[in-house]
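K.L.:
coords below, sequence missing:
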């Protein structure tokens, strides 16, 4: 059993590890997380249990080594030039695992970060589609949701990324690579591994009860068997998070 860290572990570090776990078993794919917590999680996964992952500096280079979040690419070994146009080759090949955000997400995994309200005249304009439909149809996708109570929705106003119910309506060839691997929030980690592919409670973060998780969701969460507690980082992982990948604590800004 891996040695557990002895110093006090915080929620942001639990979430980093829960997101890192989403990459377990991926092997040689492009790990494409977006935002501080996902980026740190992807780098943590490659530095520990998933060494074959391909990572970028979040701009235009595939890198080797442990680059701090926001760090200068010159501090890492550059493996190749990977501008944005090259990412589409990874998308279409299915050899990519992206972590996106979600302003709204429902029990089937339909996701919205395009707009709130009617799309033609929204109450709030957000990011737009941003390639989300292409991501979902081509390769594994994980969602990072810092505030579950705000994002979990009975329905979504706009479907940026389709869920399992909509994908089921497409021809089999069009959904061969579809997978929503995980939804990680400030309360727990969820997947769609239930028989009906509705959002299932995979684990709850330390101190969170199933009642609290359900209260922060307007739809019924699927539960199969006992719900485990999200694992804590090992001593090695904690040192990497705090001292190597994010010594300035940028990850904590997502929880304010």
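P.N.:
Cool, got the structure. Quick caveat, the model's predicted, so the values are computed rather than measured.
K.L.:
quick one: the strands in the chain?
P.N.:
30-33, 55-56, 61-64, 77-81, 96-100, 104-105, 111-112, 115-116, 124-125, 140-145, 179-185, 188-191, 200-204 (DSSP state E).
K.L.:
Can you list the buried residues in stretch 210-224?
P.N.:
By neighbour count with 16 or more other C-beta atoms under 10 Å, stretch 210-224 contains the buried residues 213, 216, 217, 221, 222. Bear in mind the C-beta positions are built from the backbone N, C-alpha and C, glycine included.
K.L.:
What of stretch 240-256?
P.N.:
Applying 16+ other C-beta under 10 Å to stretch 240-256 flags 240, 241, 242, 244, 245, 246, 250, 251, 254 as buried.
K.L.:
okay if I get those as JSON lines plus pLDDT?
P.N.:
JSON lines is the format used below for these (pLDDT from 0 to 100):
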{"residue": "240", "pLDDT": "98"}
{"residue": "241", "pLDDT": "98"}
{"residue": "242", "pLDDT": "97"}
{"residue": "244", "pLDDT": "95"}
{"residue": "245", "pLDDT": "96"}
{"residue": "246", "pLDDT": "96"}
{"residue": "250", "pLDDT": "95"}
{"residue": "251", "pLDDT": "96"}
{"residue": "254", "pLDDT": "92"}
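K.L.:
Need these in TSV (columns: distance to residue 54).
P.N.:
TSV is the format used below for the buried residues of stretch 240-256 (distance: C-beta to C-beta, whole Å):
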residue	distance to residue 54
240	18
241	21
242	25
244	19
245	17
246	21
250	23
251	22
254	24
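K.L.:
Most tightly packed of the strands of the chain?
P.N.:
strand 111-112 (a mean of 27; mean count of other C-beta atoms under 10 Å).
K.L.:
neighbouring contacts of it?
P.N.:
For strand 111-112, contacts defined as C-beta atoms under 8 Å, 6 or more residues apart in numbering pick out 100, 102-105, 126, 132, 143, 153, 156-161, 163.
K.L.:
Over to stretch 72-92?
P.N.:
So stretch 72-92 is contacted by 29-30, 32, 54, 56-57, 59-68, 96, 131, 134-135, 138-139 (C-beta under 8 Å, 6+ apart).
K.L.:
Any stretches of this structure with poor pLDDT?
P.N.:
The model of the chain has pLDDT under 70 over residues 1-7.
K.L.:
what about the helices in it?
P.N.:
With DSSP state H as the criterion, the chain has helices at 11-21, 36-47, 84-93, 132-138, 148-151, 164-167, 210-215, 235-239.
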